[in-house]
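>>> need the 3D shape of this:
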Amino acid sequence: MNTLVCCTAAFAAVTACIPASSAPKAKPVNIVLVFIDDMGYGDLGCYGATGYKTPNLDRMASQGVRFTNFVSAQAVCSASRAGIMTGCYPNRVGISGALMPDSKIGLNPDEETIAEVLKQQDYRTMAIGKWHLGHLKEFLPLQQGFDEYFGLPYSNDMWPVNFDGKPASKENNSRKMGYPPLPLIEGNEKVREIYTLDDQAELTTLYTERAVRFINDHKKEPFFLYMAHSMCHIPLAVSGKFKGKSEQGLFGDVIMEIDWSVGEVMKSLEANGLTRNTLIVFTSDNGPWLNFGNHAGSAGGLREGKGASFEGGQREPCIMKWPGHIPEGTICNKLASTIDLLPTFAEITKSNLPKEKIDGVNILPLMLGNTEANPRETFLYYYRKNSLEGIRKGNWKLVFAHPGRTYQGFEPGRDGFPGKADENFSYEEGLYDLRRDPGEQYNVKAFYPEVVAELKKLADAAREDLGDDLTSNPGKNRREPGRIKN
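Predicted coordinates for the structure are as follows:
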């Protein structure tokens, strides 16, 4: 016993004499960010989905944290992606809506993306899947801090269709929409053209195989993998592995294949001994495109969907897993957003934040289970070109009078064809208590004038900074997108 005590004391004394610089350094954490297209708040099993199973993502939630108040930067494709890449409200960096294939603008190469922030620490970076931040070479991922890229430069519905609305074949390409076939890009070059739904049915598998190869190739160095699936954006397409496997038809099949894809990525991490040293984040760009009916997802009881600044358009599923850091099986009800990922990744990797102003905040304390932390108190709901349609502080959300999209009162479409929606419905100003009324059904503006006044004061400050088309305020601190001069 005395010998053991003496030896232990001697070891401690020797250890104390070792210079701090000689101590082994912790390995840099790998980061995998999976970004889904048009997935609603209610589209995973752990968020209440029925008719299909998502075992890999449900297991990921049980091994990490599931967020219940996680909002996207904006309720539409390009704007949302600009937000997640830059840590900014999209209108700050000059991006709004969904960029078309003939667009002459893109994310300004002067903006610093997540990839560029992590390159400070010598991370290997790859983007896979849908980019949608400019399709011209000047704006593609390799010009935005990524070492490798494989995917589509924009949405999978921006392709030729016949006059009956069905996809055009290579032999009968009437190009009703005026767009060429979808270009599958490797690096900066087109390697294949996507003409048919059968072609699109390969995308999820192709993206997954490319992600696994990237992990295998770079297992000995820190890496950032941005995996932006084209699904579950319409037109839906699924491989033979999952076709007809769900009770919810094609949409359920597609979600099951996305779940499989995440499972394959996690298997690759495990096989390479990287599980405990990798942070995985799974979320979506905006809510479900509800007028596509049985080819659309579920907002999980929230109001409206894609293209609307109500919760159904912007509140997303979000799951994070980081063994040894994120407590298993936790739920975070605090407000957080996709624009918070960049500063959080910067904190984790000890990287410098971008030189220009960003709007995201570090949510690492929430991830680590600090129930007292509240890094994000407010959030701005912008839509259209630059309209401030709502503002949230805590559980209070003030929606300003604005013209906007509504799906209510219209029969949804079926089997890939859209139903109608009112794009200019006149919404009245309303105050909602999201703790008791997440569906935003009960306007309590008349009962809480002091809350309305406080939120309006915060909104005025936001308008001075970022502008607001609804009040004709240009804003003082907005930056220009990248533009092609000729």
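>>> for the protein, give me the ranges with low pLDDT.
Along the chain, the parts satisfying pLDDT under 70 run over 1-25, 161-178, 486.
>>> can I see the domain layout of it?
Per automatic domain parsing, the structural domains of the chain span 30-376, 380-483.
>>> tell me the most buried of those?
Using mean count of other C-beta atoms under 10 Å, the stretch among the domains of the chain with the largest mean neighbour count is domain 30-376, at a mean of 21. For glycine as for every other residue, the C-beta is placed from the backbone atoms N, C-alpha and C.
>>> so how far does that domain reach from one end to the other?
25 Å (C-alpha to C-alpha, to the nearest Å).
>>> with stretch 89-101 instead?
The distance separating the two terminal residues of stretch 89-101, taken as C-alpha to C-alpha, comes to 23 Å.
>>> break down the stretch 251-400 of the chain into its helices, ranges please.
Secondary structure of the stretch 251-400 of the chain (DSSP state H, counting those that start in this stretch): helices located at 311-314, 341-349, 364-367.
>>> one more: the stretch 101-250 of the chain?
With helices called from DSSP H, counting those that start in this stretch, the stretch 101-250 of the chain shows them at 114-119, 197-200, 203-217, 249-271.
>>> residue 354 is nearest to which of those helices?
Between residue 354 and the helices of the stretch 101-250 of the chain, the shortest gap by C-beta to C-beta is with helix 114-119, which sits at 6.8 Å.
>>> verify the stated contact: residue 313 with residue 290.
No - contact between residue 313 and residue 290 fails when scored by C-beta atoms under 8 Å: they sit 9.6 Å apart.
>>> overlap of the contact sets of the two?
A shared contact of residue 313 and residue 290, defined by C-beta atoms under 8 Å, 6 or more residues apart in numbering, is any residue touching both; here these are 299, 304, 305, 306.
>>> disregarding residues adjacent in the polypeptide, which is nearest to the first one?
Going back to what we said before, that points to residue 299. When the adjacent residues along the chain are set aside, residue 299 lies closest to residue 312, with 3.4 Å between them (C-beta to C-beta, 6 or more residues apart in numbering).
>>> hmm, that neighbour is touching residue 42, no?
No - in this structure residue 312 lies outside contact range of residue 42 using C-beta under 8 Å: 9.3 Å.
>>> overlap of the contact sets of those two?
Residues touching both residue 312 and residue 42 comprise 299, 300, 302, with contact defined as C-beta under 8 Å, 6+ apart.
>>> export those residues to TSV and tack on distance to residue 93?
Output for the shared contacts of residue 312 and residue 42, formatted as TSV (distance: C-beta to C-beta, whole Å):
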residue	distance to residue 93
299	27
300	29
302	27
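>>> please give the element, helix or strand, for the nearest residue to residue 73 once chain neighbours are set aside.
Excluding its sequence neighbours, the residue lying closest to residue 73 (C-beta to C-beta, 6+ apart) is residue 83, at 2.3 Å. Here residue 83 sits within helix 77-86, counting by DSSP states H and E.
>>> what is the orientation angle of that helix with helix 341-349?
Regarding helix 77-86 and helix 341-349, their directions subtend 20 degrees when assessed with axes from the mean of the first three to the mean of the last three C-alpha atoms, to 10 degrees.
>>> packing partners of helix 77-86?
strand 30-36, helix 114-119, helix 341-349 (3 or more C-beta pairs under 8 Å, 6 or more residues apart in numbering; DSSP states H and E).
>>> could you give the angle of it to strand 30-36?
Using the same axes, to 10 degrees, helix 77-86 lies at 170 degrees relative to strand 30-36.
>>> just the CA trace of helix 77-86, in PDB.
The C-alpha atoms that make up helix 77-86 are tabulated as PDB, following Å, rounded to 0.1, in the frame of the first residue of the first chain:
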ATOM      1  CA  CYS A  77     -33.600  28.000 -51.100                       C
ATOM      2  CA  SER A  78     -30.800  30.400 -52.100                       C
ATOM      3  CA  ALA A  79     -31.400  32.800 -49.300                       C
ATOM      4  CA  SER A  80     -31.300  30.000 -46.700                       C
ATOM      5  CA  ARG A  81     -28.100  28.700 -48.100                       C
ATOM      6  CA  ALA A  82     -26.500  32.100 -48.100                       C
ATOM      7  CA  GLY A  83     -27.300  32.300 -44.400                       C
ATOM      8  CA  ILE A  84     -25.900  29.000 -43.400                       C
ATOM      9  CA  MET A  85     -22.700  29.500 -45.300                       C
ATOM     10  CA  THR A  86     -21.900  33.100 -44.100                       C
END
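>>> circling back: of all the helices of the stretch 251-400 of the chain, which one comes closest to residue 478?
Using C-beta to C-beta, those put helix 341-349 closest to residue 478, at 18.3 Å.
>>> can you pull the phi and psi angles for the residue nearest to residue 133 when sequence neighbours are not counted?
On the basis of C-beta to C-beta, 6+ apart, the spatially nearest residue to residue 133 that is not a chain neighbour turns out to be residue 107, at 4.1 Å. Backbone torsions for residue 107, taken as degrees, to the nearest 10, come to phi -60, psi 130.
>>> so residue 107 is in contact with residue 88, correct?
No - because the distance of 10.4 Å does not satisfy C-beta under 8 Å, residue 107 is recorded as not touching residue 88.
>>> which neighbours do these two share?
Here residue 107 and residue 88 share the contacting residues residue 82, scored by C-beta under 8 Å, 6+ apart.
>>> and the helix or strand harbouring residue 431, what does it pack onto?
In this structure, residue 431 sits in strand 430-433 according to DSSP H and E. Using 3+ C-beta pairs under 8 Å, 6+ apart, the elements in contact with strand 430-433 are strand 396-399, helix 449-466.
>>> so what touches the helix or strand that the last one is followed by?
Downstream of helix 449-466, the next assigned helix or strand under DSSP H and E is strand 482-483. Contacting residues not belonging to strand 482-483 are listed as 104, 105, 106, 107, 108, 109, 110, 134, 138, 139 [C-beta under 8 Å, 6+ apart].
>>> over to stretch 359-374?
Stretch 359-374 is contacted by residues 65, 87-89, 92, 320, 322, 325-327, 330, 332, 334, 336-337, 339-344, 346-348, 375-376 when judged by C-beta under 8 Å, 6+ apart.
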